[in-house]
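> what follows is a predicted protein model with its sequence.
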Amino acid sequence: MKAKLLVGLGLPLVLGAMMLFAGGAGQSVHAAQAPQDDTPGVRGAMLYDNWFAALNVAAPAGNMPLWDTQTTNTRSGEDTWRCVTCHGWDYLGKDGAYGSGSNYTGFPGVTGAREKSAAEIVAVLKGESNTLHDFSTFFSEDDLNDLAEFVQIAESGYVNLTTLKVEGGDIAAGEQLYDAQCASCHGADGALLKFRFEGRDATLGTLALLDPWRFLHKTQYGTPGTDMVIGAHIGSTLENGRDILLYAQSLPSGLEIQEAQPPLAGDETEATEAVGGPAGGLFSGIATAFGAMLTSLGFAVLLGAFLVGVIFLVVWLVRDRKSK
Ligand code: HEC
Ligand code: HEC
C-alpha cells in the first residue's frame with residue numbers, strides 16, 4: 001500500500017521536475033501557445049491541427065455540415081471540425097494517407113491551393129466556393145490569414161506513401177537532435193509520455209511508424225493546448241524534423257516487426273548503444289537473424305564435408321574390393 005502510494009506520488013513529481021527542467025532549458029516551450037506568433041506558418045499550422053484548442057474555445061456542436069456529405073468515415077462531433085480530419089496530416093486528403101482506411105472521406109487535400117493567393121484561400125474558408133465550407137463565424141481575419149499562410153507552405157515530403165518509411169534523411173543527426181531536444185520530456189526511448197492513438201497505447205516510436213506525417217507536423221508545429229515544444233521556434237527545419245522522425249522510427253514501438261528491414265549501413269550499432277535496452281530490439285533481431293543464417297550456413301558446410309567424406313570412403317572401399 002505504502003509503496004504504491006509513494007510511487008503514485010513520486011511519478012508525477014519526477015515528471016513535473018522533468019517538465020520544469022525542460023522548460024528551464026531555454027527552449028521557449030511556453031511561448032509556444034502564445035496567441036500572437038509571427039514565425040511563418042506556426043499559428044496557421046496549429047489552427048489547422050485543432051483550431052478550437054489553439055483558440056481555447058469550445059468546439060461547435062454536432063458535425064461540420066460538409067462532413068455529412070460523405071458516409072465512409074464514421075467519426076463524428078468535434079473532430080469533424082478540424083481541418084486535419086478532412087485534409088490529412090500529409091495535407092493531401094484523398095490523394096495521400098487518407099486515400100483509404102478508416103480516415104477515408106474522399107475530400108481533397110489543401111496542397112492544390114498552394115499556388116492560390118492568400119485572398120483566394122481566405123475566400124475558400126469563408127465558403128465562397130462552397131457554402132458548406134464556411135468558417136467565417138469562427139475565425140478573425142488574422143486567423144484566416146494565418147491559415148492561408150500555412151496552406152501556402154504546407155509540405156508533405158520525405159515519407160513513402162506505401163511503406164510509411166522516411167526517404168533519405170540522416171539517422172545519426174536525428175538521434176543527436178532527439179537526445180538534445182526531445183528526450184527530456186519524451187524519454188530516451190520515446191516512451192516516457194504515453195499517447196492514445198486510434199484506440200491503442202502508443203509511444204513516440206509507435207506514432208513515428210504508424211502516422212509519420214502527423215509526427216512531422218507535431219514536431220514542427222507542436223500540439224495546441226500542450227507544452228509540446230515547437231520545432232519552428234527552436235530553429236528546426238523540416239529536414240531536421242525528417243531526421244528526427246527517421247531516428248524515432250527506430251525507437252521501441254510495441255509493434256510487431258512486420259517486415260525484415262535492411263540494416264541501416266553503419267548507423268545501427270551507434271543507435272543501439274545510445275538507446276539501450278529494448279530499443280535494440282530491431283537491431284538485435286537483425287543480428288539474431290544473421291546469426292541464425294551463419295549458423296545454418298556453417299552447418300550446411302559441415303554436412304557437405306561429411307557427405308563428401310562418406311562418398312570418398314564408399315568409392316575407396318569399392319575400389320579396394322575390386323582390386324582384390
Ligand atoms: C468536414 C471536412 C472539411 C473540413 C473540416 C475542412 N475542409 Fe477544407 N475542404 C473540404 C472539402 C470537401 C473541400 C472541397 C470543397 C469544394 O467543393 O470546393 C475543401 C476545400 C478546401 C480548400 C481548397 C482546396 C483546393 O484545392 O482549392 C482549402 C484551402 C481548404 N479546404 C482548407 C481548409 C482549412 C484551412 C480548414 C480548417 C479551417 C478546412 N479546410 C476544413 C472539406 C473540409
Ligand atoms: C517540454 C516537453 C516536451 C519536449 C521538449 C518535446 N515534447 Fe513532444 N510532446 C510534449 C507534450 C506535453 C505532448 C502532448 C502530449 C499529449 O498530446 O497529450 C507532446 C506531443 C508530441 C507529439 C504528438 C503526438 C501525437 O499526438 O501525435 C510528437 C510527435 C512529439 N511530441 C514529438 C516530439 C519531438 C520530436 C520532440 C523534439 C524535437 C519533442 N516532442 C519535444 C512535450 C514535449
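In hand now; what should we look at? Ligands and ions are numbered 1, 2, ... in the order given.
> residues touching the nearest residue to Gly187 once chain neighbours are set aside, list them.
Among residues not flanking Gly187 along the chain, Leu193 sits closest, at 7.5 Å (C-beta to C-beta, 6 or more residues apart in numbering). To be clear about C-beta, it is placed using only N, CA and C from the backbone, and glycine gets the same treatment. With contact taken as C-beta atoms under 8 Å, 6 or more residues apart in numbering, Leu193 is in contact with 185-187, 204.
> taking those residues one by one, which sit in helices?
185-186, 204 (DSSP state H).
> which of those residues come close to ligand 1?
Residues of the ones in helices among the contacts of Leu193 in contact with ligand 1 (C-beta under 6 Å from any ligand atom): none.
> by neighbours, which of these wins?
Counting neighbours by other C-beta atoms under 10 Å, Leu204 leads these with 30 neighbours.
> for the nearest residue to it once chain neighbours are set aside, give me its contacts.
Nearest residue to Leu204, sequence neighbours excluded (C-beta to C-beta, 6+ apart): Gly190, at 3.2 Å. With contact set as C-beta under 8 Å, 6+ apart, Gly190 has these partners: 182, 203-205, 208, 248, 251-252.
> make a markdown table out of these and add distance to Gly241 and pLDDT.
Converted to a markdown table, the contacts of Gly190 look like this (distance: C-beta to C-beta, whole Å; pLDDT from 0 to 100):
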| residue | distance to Gly241 | pLDDT |
| --- | --- | --- |
| Cys182 | 11 | 97 |
| Thr203 | 18 | 95 |
| Leu204 | 13 | 97 |
| Gly205 | 16 | 96 |
| Ala208 | 11 | 97 |
| Ala248 | 10 | 97 |
| Leu251 | 15 | 96 |
| Pro252 | 20 | 93 |
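> show me where this structure has helices.
With DSSP H as the criterion, the chain has helices spanning 2-24, 42-54, 83-87, 118-125, 141-153, 171-181, 183-186, 204-210, 212-221, 238-248, 267-275, 281-323.
> lowest average confidence across these, which one?
Confidence, taken as mean pLDDT, is least for helix 267-275 of these (a mean of 35).
> if you count neighbours, what's buried in stretch 147-166?
Within stretch 147-166, the residues that qualify as buried are 147-152, 154, 156, 158-159, 165-166, counting by 16 or more other C-beta atoms under 10 Å.
> that one: end-to-end distance?
27 Å (C-alpha to C-alpha, to the nearest Å).
> with stretch 207-227 instead?
18 Å.
> name the residues of that stretch that are buried.
In stretch 207-227, counting by 16+ other C-beta under 10 Å, buried: 207-224.
> that older thread, with respect to Val229, which of the buried residues of stretch 147-166 is nearest?
Nearest to Val229 among the buried residues of stretch 147-166, counting by C-beta to C-beta, is Phe150 at 18.6 Å.
> touching, that closest one and Ala45? I think so.
Yes: between Phe150 and Ala45 there is a contact under C-beta atoms under 8 Å: 5.0 Å.
> quick one on the thing from earlier: would you turn the buried residues of stretch 147-166 into a markdown table with distance to Trp89?
Listed next are those as a markdown table, based on distance: C-beta to C-beta, whole Å:
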| residue | distance to Trp89 |
| --- | --- |
| Leu147 | 16 |
| Ala148 | 19 |
| Glu149 | 18 |
| Phe150 | 13 |
| Val151 | 14 |
| Gln152 | 18 |
| Ala154 | 10 |
| Ser156 | 8 |
| Tyr158 | 12 |
| Val159 | 10 |
| Lys165 | 16 |
| Val166 | 14 |
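> for ligand 2, what are the nearby residues on the stretch 51-200 of the chain?
181-182, 184-186, 193, 195.
> greatest separation within those residues: which pair is it?
Gln181 and Phe195 (18.1 Å).
> look at these two and report which has more neighbours.
For Gln181 and Phe195, the more surrounded residue by other C-beta under 10 Å is Gln181, and the numbers stand at 20 against 13.
> how close does that one sit to ligand 1?
For Gln181, the distance to ligand 1 equals 28 Å [C-beta to the nearest ligand atom, to the nearest Å].
> hmm, that residue is touching Gly235, no?
No: Gln181 lies out of contact with Gly235 (C-beta under 8 Å); the separation is 10.1 Å.
> please list all residues in contact with the residue of the stretch 151-300 of the chain found nearest ligand 1.
The minimum distance from the stretch 151-300 of the chain to ligand 1, using C-beta to the nearest ligand atom, falls at Val151 (4.8 Å). Residues in contact with Val151, defined by C-beta under 8 Å, 6+ apart, are 44, 48, 110, 113-114, 116, 121.
> of these, keep whichever come out buried.
44, 48, 110, 113, 116, 121.
> quick one: contacts for the fourth one?
Ala113 is in contact with 120-121, 124, 151, counting by C-beta under 8 Å, 6+ apart.
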